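> how would this look folded up:
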Amino acid sequence: MRVAFLVHDFPKLSETFVLNQATGLIDRGHDVDIYTNRIHDPSEAHPDVETYGLWDRTYQLPETPSGLIPRVLKGMWLVMRHWHRNPALFGRSLNPFQCGLSALGFRLVYPATVLADKAPYDIIHSQFGTQSFCGMLFARVQHPRPALVTTFRGYDISTCVKQEGASVYSPLFREGDFFLANCEFFRQRAIELGCDPAQIRVHRSGLDCAKFPYRARQAPSDRGVHLVTTGRLVEKKGIEYAIRAVALLLPKYPDLRYSIIGDGFLRQPLQELINALNLNQAVHLLGWKNEQQIAAILQEADLFVAPSVTAADGNQDAPVNVLKEAMAMGMPVISTWHGGIPELVEHGLNGLLVPERDADALAAQIELLIQHPEQWEGMGQAGRAAVEQHYNLHHLNDQLVDLYQMLNHATDASIQAQQGLPTNLAGPAHPSVLLNK
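Here you go, the predicted model:
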């Protein structure tokens, strides 16, 4: 199969789930191209980007003016410049009878410029709901029409909905072929917004546990307990509250250390908070690290903290990958009752959960683990087992291929029916018939 991924940024280290799906499809013999609004610095890319030759499969999307007159004028220039590359495609992009009213505003010309030299795709997969608007244009302009899949992952089904309104995805729900959510929390949110429950299922972001070796955790005898957090320094990661929790614990546990891996626009305010609370000897902002460096730090640390909160703009988290990685490595974890995280962290079994924005509760649960290191190994074993059972990357990539194949079969059958050709009468009228059995 030929598959097109649509993402806003690529390659982005905080979005390894996109990379994992792309490489998984390539390993299974499928062609994958990646279309993105912004190509990131190659020096900060995951090694698999180079290993799988993804730079040669990545294409930057042209900027589309929001105003009608600038969009039409630029679109006319693009048509004149690129028409010779694929006259049929550009003709279709301007034909409202074939592609709908979006053709009248020259919107389809923009994806046509990057698709002109490409063979048709079987699947268009918008990796976030926010990319689905482009995904619909990709699907409309191609012939035969590919199946359109959209995954909801967090920002797109929380902040975007708060900013744009509850009807923002109504056209997508009418036009899309199937939908995925990375947790049940966001699946239910999509259904509340109008998605047909039969057309959406949970497809988790997987992990290759072989890359995260398990180590049973025990209380260190030669140093204080070492806490660690990995994540972007943005509001929804809630790192401020972990810093405040450490400040509450330090008078009783002066050897406690807390390492924060990651970067972001809140780095300076967080450093100022560390300075104000006199935590410079205990709390360290380590900045951006590559995958190998992160793994080395996690391997030596004792407890993992992920204090996620609902941001002021409504942004929420699914079960974040860094939590899965820590659990796979045998670390007891402390997180929050937030978004989809309770679907991964089962309080008291494979981790501990506290209310959002509650530094006192966070400190209390950290102290509970400091005082009871005999619980660490059992909690770590349960965490590893949960990740292996529910977030196995290889199984999830197999399921994704199965979904694509069923959607592709349904699309082929629809085309045959439109052309008056015989179809497989034993096949389902819609792939959701099989997917939801």
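> per-domain residue ranges of this protein.
Per automatic domain parsing, the domain ranges recorded for the chain read 2-206+394-435, 209-390.
> mind listing the helices for the stretch 301-437 of the chain?
Along the stretch 301-437 of the chain, counting by DSSP state H, counting those that start in this stretch, helices occupy 321-328, 359-371, 376-390, 393-418, 432-435.
> same thing with the stretch 51-200 of the chain?
For the stretch 51-200 of the chain, the helices defined by DSSP H, counting those that start in this stretch cover 68-82, 87-93, 96-99, 109-115, 132-141, 159-164, 170-175, 184-192.
> could you tell me the least trusted of those?
Lowest mean pLDDT within the helices of the stretch 51-200 of the chain: helix 96-99, a mean of 89.
> now for that one, which elements pack on it?
Helix 96-99 is packed against helix 87-93, with contacts defined by 3 or more Cβ pairs under 8 Å, 6 or more residues apart in numbering; DSSP states H and E. For glycine as for every other residue, the C-beta is placed from the backbone atoms N, C-alpha and C.
> any residues touching the helix it packs on, and which ones?
Residues from elsewhere that reach helix 87-93 (Cβ atoms under 8 Å, 6 or more residues apart in numbering): 79, 82-83, 98-99, 103, 108-109, 111-112, 115-116, 141-143.
> chain center to that helix, what's the gap?
Offset of helix 87-93 from its chain centre (Cα atoms, centre = their mean, to the nearest Å): 33 Å.
> got the buried residues for that helix?
For helix 87-93, burial by neighbour count (16 or more other Cβ atoms under 10 Å) applies to Leu89, Phe90, Arg92, Ser93.
> kindly report the same for stretch 140-159.
So, applying 16+ other Cβ under 10 Å, buried residues of stretch 140-159: 140-142, 145-159.
> how about the CA coordinates for it, as CSV?
C-alpha atoms of stretch 140-159 as CSV (Å, rounded to 0.1, in the frame of the first residue of the first chain):
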residue,chain,number,x,y,z
ARG,A,140,-10.5,15.1,-2.7
VAL,A,141,-8.0,15.9,-5.3
GLN,A,142,-6.7,12.4,-5.9
HIS,A,143,-8.2,9.8,-8.3
PRO,A,144,-9.1,7.2,-7.3
ARG,A,145,-10.0,8.7,-3.9
PRO,A,146,-7.9,7.2,-1.1
ALA,A,147,-9.3,6.3,2.3
LEU,A,148,-9.0,9.2,4.8
VAL,A,149,-7.9,8.3,8.4
THR,A,150,-7.5,10.7,11.2
THR,A,151,-5.9,10.2,14.6
PHE,A,152,-6.8,12.4,17.6
ARG,A,153,-4.0,12.8,20.0
GLY,A,154,-4.5,15.6,22.5
TYR,A,155,-4.1,19.2,21.5
ASP,A,156,-6.3,18.7,18.5
ILE,A,157,-9.2,17.4,20.5
SER,A,158,-8.8,19.7,23.5
THR,A,159,-7.3,23.1,22.8
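> can you list the low-confidence ranges for this protein?
411-437 (pLDDT under 70).
> picking up where we left off before, of the helices of the stretch 51-200 of the chain, which is nearest Leu285?
Nearest to Leu285, of all the helices of the stretch 51-200 of the chain, is helix 159-164, at 25.0 Å by Cβ to Cβ.
> chain center to that closest one, what's the gap?
Centroid separation for helix 159-164 versus its chain: 17 Å, with Cα atoms, centre = their mean.
> and for stretch 287-299?
Remark: stretch 287-299 is offset 20 Å from the chain centroid, using Cα atoms, centre = their mean.
> how about Ala45, nearest residue that isn't a chain neighbour?
Once flanking residues are discounted, Ala45 sits nearest to Pro11: 4.5 Å by Cβ to Cβ, 6 or more residues apart in numbering.
> phi first, then psi, for that neighbour.
phi -80, psi 140 (degrees, to the nearest 10).
> swap in Val228?
Residue torsions, per degrees, to the nearest 10, at Val228 are phi -150, psi 150.
> I'd say it and Gly262 touch.
No: assessed by Cβ atoms under 8 Å, Val228 is found out of contact with Gly262, at 10.7 Å.
> Val345 - how many residues pack around it?
Val345 has 25 neighbours, counted by other Cβ atoms under 10 Å.
> what do you get for Asp9?
For Asp9, the count of nearby residues is 13 (other Cβ under 10 Å).
> looking at this, it is in a helix?
No: under DSSP: H, G, I helix; E, B strand; the rest coil, Asp9 sits outside any helix and is assigned strand.
> give the bridge partners for it, please.
Arg38 (DSSP bridges).
> who's in contact with it?
Glu15, Thr36, Asn37, Arg38, His40.
> need these in CSV (columns: neighbour count and distance to Val354).
Listed next are those as CSV, based on neighbours: other Cβ atoms under 10 Å; distance: Cβ to Cβ, whole Å:
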residue, neighbour count, distance to Val354
Glu15, 20, 27
Thr36, 21, 37
Asn37, 17, 36
Arg38, 11, 36
His40, 16, 34
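> and those residues, which two are the farthest apart?
It's Glu15 and Asn37 that sit farthest apart of the contacts of Asp9, by Cβ to Cβ, at 13.1 Å.
> anything in contact with each of those two?
Residues touching both Glu15 and Asn37 comprise Val7, Asp9, with contact defined as Cβ under 8 Å, 6+ apart.
> mind checking how far Leu279 is from Asp263?
The gap separating Leu279 from Asp263 is 19 Å, by Cβ to Cβ, to the nearest Å.
> ok, now Leu323?
Leu323 is 19 Å from Asp263, by Cβ to Cβ.
> quick one: which of these two has more around it?
Applying other Cβ under 10 Å to Leu323 and Asp263 shows that Leu323 carries more neighbours, namely 25 against 15.
> ok, that one - contacts?
Phe304, Ala306, Val333, Ser335, Ile341, Leu344, Val345, Gly351.
> neighbour-wise, give me the winner out of the residues you listed.
Gly351 (29 neighbours).
> surely that residue and Ser335 touch.
Yes: between Gly351 and Ser335 there is a contact under Cβ under 8 Å: 6.3 Å.
> what do those two both touch?
Shared contacts of Gly351 and Ser335, defined by Cβ under 8 Å, 6+ apart, comprise Leu323, Val345.
> identify the residue spatially nearest to Glu291, adjacent ones excluded.
Leaving out its chain neighbours, Glu291 is closest to His46 (Cβ to Cβ, 6+ apart), at 6.4 Å.
> and Phe97, how many residues sit next to it?
7.
> again, but for Thr130
23.
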